[in-house]
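> would you be able to build a 3D model of this:
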Amino acid sequence: MKNTIEKALQKQKEAKAASQNNSSTEKLEDANHSNVPEESKVSIDKPAPAELPAEKIVADEKEFINKKSPLDEFVIDFARLDKNGHISLNGERKQINEEYREIKRKLLANAFGSLAKTLHNPNIIMVTSSRPSEGKTFTATNLAMSIASEQDKTVLLVDADVLKPNVLNTLGLERRKGLMEYLTGDVDDISDVLYPTNIDKLKIIPAGKSHHLSTELLASQKMHDTVNEFANRYPDRIVIFDTPPLIGINESAILANFAGQAVVVVEEGKAKIGDIKMSVERLNPEMAIGFVVNKSVHNDTDGSGYYGYYYSERSE
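Here you go, the predicted model:
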């Protein structure tokens, strides 16, 4: 574990030094995947769709969304995101776009390749960190938008950081009812809080209002059944959960039981190896666990930082 993180941090430093002598549009050098199981390197094959439960939890999304008015759609301001250092959605070739392409390739291979057979819910990815303010929501939103650009994939982004939700704020969107309203029964169906966006293949479920029983609600059978429905209903779907930090927050450990993959965001110069190790110990050891080394650099010309992806060894 320690060796894995140190390699990722060292790779980040080397890339930063190289970027001072090269143009910002230069592609990142391929990350060292010597610790990645061989199965995750295979071409992406879609698994056979799982059999749906007799009693459907989620209404047919296409039919439901067609009934929604244009006012229900989340309209993401691409120019605002570009200004704030997110990936570009207007066709501009930016370094951060290339970096997220590198990150998502490994996740997609794990979700739909041979390794998927060894993971529980391989298409469900939790994005988290050890401590607050390390960039997990920035990472989750960029990852969701990058995967939504795939020709044959759809993405559901769920703000599961129900204590301090930040997905809507990061994307410049207004607050609406979300996951908590569904779990408490304030809305009848999860599709009531599943919103389309102006990115065709991206849908969002906000966190909703905070609740004093958030831990119990996330651990409920209702949540468990809903996540299973997400995982199995659409064979082309990736579900990304933006979760609370791992240290000192019970909700994160609960959500970790639902996901087959975890992306742990590590802020360069701030995260401690001990904290990272403690965080990973709270995750299911059977998960595929990756790390994003994150340090945003904002200036007038380039809003992107470096995002390195490195895989730890999975327990057999």
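> all helices for the stretch 1-150 of the chain, in order.
Using DSSP state H, counting those that start in this stretch, the helices found in the stretch 1-150 of the chain span residues 2-19, 61-67, 78-83, 95-112, 136-148.
> mean pLDDT lowest for which of those?
In terms of average pLDDT, helix 61-67 trails the rest of the helices of the stretch 1-150 of the chain, at a mean of 51.
> what are the buried residues along stretch 144-154?
Neighbour-count burial for stretch 144-154, counted by 16 or more other C-beta atoms under 10 Å, picks out A144, M145, S146, I147, A148, S149, E150, K153, T154. (C-beta placed from N, C-alpha, C; glycine too.)
> isn't the fourth one up against V239?
Think I147. No: between I147 and V239 there is no contact under C-beta atoms under 8 Å: 10.4 Å.
> what sits in contact with each of the two?
Common contact partners of I147 and V239 (C-beta atoms under 8 Å, 6 or more residues apart in numbering): V155.
> name the nearest of the buried residues of stretch 144-154 relative to T197.
Closest approach between the buried residues of stretch 144-154 and T197, by C-beta to C-beta: A148, at 8.6 Å.
> and the closest one, what does it touch?
By C-beta under 8 Å, 6+ apart, A148 lies in contact with T154, V155, I199, D200, K201, L202.
> and with 10 Å instead?
L89, T154, V155, L156, L157, T197, I199, D200, K201, L202, K203, I238 (C-beta atoms under 10 Å, 6 or more residues apart in numbering).
> do the same with L163
So L163 contacts P132, A207, S210, H211, S214, T215, P244, P245, I249, E251, S252 (C-beta under 10 Å, 6+ apart).
> just send the buried residues of stretch 144-154 back as CSV, with distance to A231 too.
Shown next, in CSV, are the buried residues of stretch 144-154 (distance: C-beta to C-beta, whole Å):
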residue, distance to A231
A144, 16
M145, 21
S146, 20
I147, 16
A148, 18
S149, 22
E150, 18
K153, 14
T154, 13
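> out of those residues, flag the one nearest to K83.
Using C-beta to C-beta, the buried residues of stretch 144-154 come closest to K83 at M145, 15.0 Å.
> please name the nearest non-neighbouring residue to the closest one.
Setting aside the residues directly before and after it, M145 is nearest to I87 in space (C-beta to C-beta, 6 or more residues apart in numbering), at 5.9 Å.
> my guess is that neighbour contacts E98, does it?
Yes: using C-beta atoms under 10 Å, I87 is in contact with E98, at 9.4 Å.
> if you count surrounding residues, which of the two has more?
Neighbours per residue (other C-beta atoms under 10 Å) separate I87 from E98, with I87 holding more: 23 against 16.
> tell me the phi and psi of that one?
Phi and psi for I87, reported as degrees, to the nearest 10, are phi -60, psi 150.
> also A271?
Dihedral angles (degrees, to the nearest 10) for A271: phi -70, psi 140.
> what's the answer for I238, then?
According to degrees, to the nearest 10, I238 has phi -110, psi 130.
> one step back: can you tell me which of the contacts of L163 are buried?
Buried, going by 16+ other C-beta under 10 Å: A207, H211, S214, T215, P244, P245, I249, E251, S252, out of these.
> re the thing from before, could you identify the most distant pair in the contacts of L163?
Spanning the widest gap among those are P132 and H211, at 19.6 Å by C-beta to C-beta.
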